[in-house]
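> What would the 3D arrangement of this be:
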Amino acid sequence: MSSTPQKSQILSPEGYDLPPEAGDINDPRFDPQDGWLRDAPPELQIRAMRRWFAMRYQDPAISTPHDDKGDYLYVEDGPYRPKKVLGKRFGEVVDEAVIDELAEMLRQEVGDEWAPRNDDPGISS
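Numbering: from 1, shown residues only. Down below sits the predicted model:
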């Protein structure tokens, strides 16, 4: 079993095995408990942060309009850069090297520009 979800799972928040101490993993607005996250091993920190990210951001190809050149038109908000977003939320809790590792995974999966998920208009980072 790998320590992090497979690439195909990045856009789907299901499949992120976390202990109950991490927080309510069934909450569609999952936000890991900082106390647990601070003490969790890096592989679980990555899983938790990845789930948090996947609940809020998506590949812009899913629903972001684009112009004739193929450039995305971020109508409401964005683009969001994983390293910045993750650092803002988790920078005081998780080691920067772990945040950087996840940001690089996300960059390799989709790129450095992500769109907000629009399945819940009240979502913001």
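> Quick check: which ranges of this structure have low pLDDT?
1-16, 119-125 (pLDDT under 70).
> Spell out the residue ranges of the helices in it.
Using DSSP state H, the helices of the chain run over residues 34-39, 42-54, 82-90, 96-109.
> Out of the ones you listed, indicate the one that is most buried.
Compared across the helices of the chain, helix 42-54 shows the largest average neighbour count, a mean of 21 (mean count of other C-beta atoms under 10 Å). C-beta coordinates here come from the backbone N, C-alpha and C atoms, glycine included.
> chain center to stretch 61-81: distance?
From the chain centre to the centre of stretch 61-81 is a distance of 18 Å (C-alpha atoms, centre = their mean, to the nearest Å).
> same check, this time on stretch 84-92
Relative to its chain's centre, stretch 84-92 lies at 11 Å (C-alpha atoms, centre = their mean).
> Give me the contact list for it.
Stretch 84-92 is contacted from outside by 37, 49, 52-53, 56-57, 96, 99, 102-103, 114, 125, using C-beta atoms under 8 Å, 6 or more residues apart in numbering.
> burial of the nearest residue to L73 once chain neighbours are set aside, as a residue count?
Using C-beta to C-beta, 6 or more residues apart in numbering and skipping residues adjacent in sequence, the residue nearest L73 is P65, 4.8 Å away. Using other C-beta atoms under 10 Å, P65 has 9 other residues around it.
> so how far is P28 from P65?
According to C-beta to C-beta, to the nearest Å, P65 stands 25 Å off from P28.
> is it true that D59 touches V110?
Yes - D59 lies in contact with V110 (C-beta atoms under 8 Å); the separation is 4.5 Å.
> The two: which has the busier surroundings?
V110 (20 against 16).
> Now do the contacts for A115.
Here A115 is in contact with 57-60, 62-64, 72, 74, 78-80 (criterion: C-beta under 8 Å, 6+ apart).
> Grab the most central residue of the chain for me.
Per C-alpha atoms, centre = their mean, the C-alpha nearest to the average position across the chain is that of F53, at 1.7 Å.
> For D68, grab the count of nearby residues.
Neighbours of D68 using other C-beta under 10 Å come to 5.
> Before I go, just wanted to say thanks for your time.
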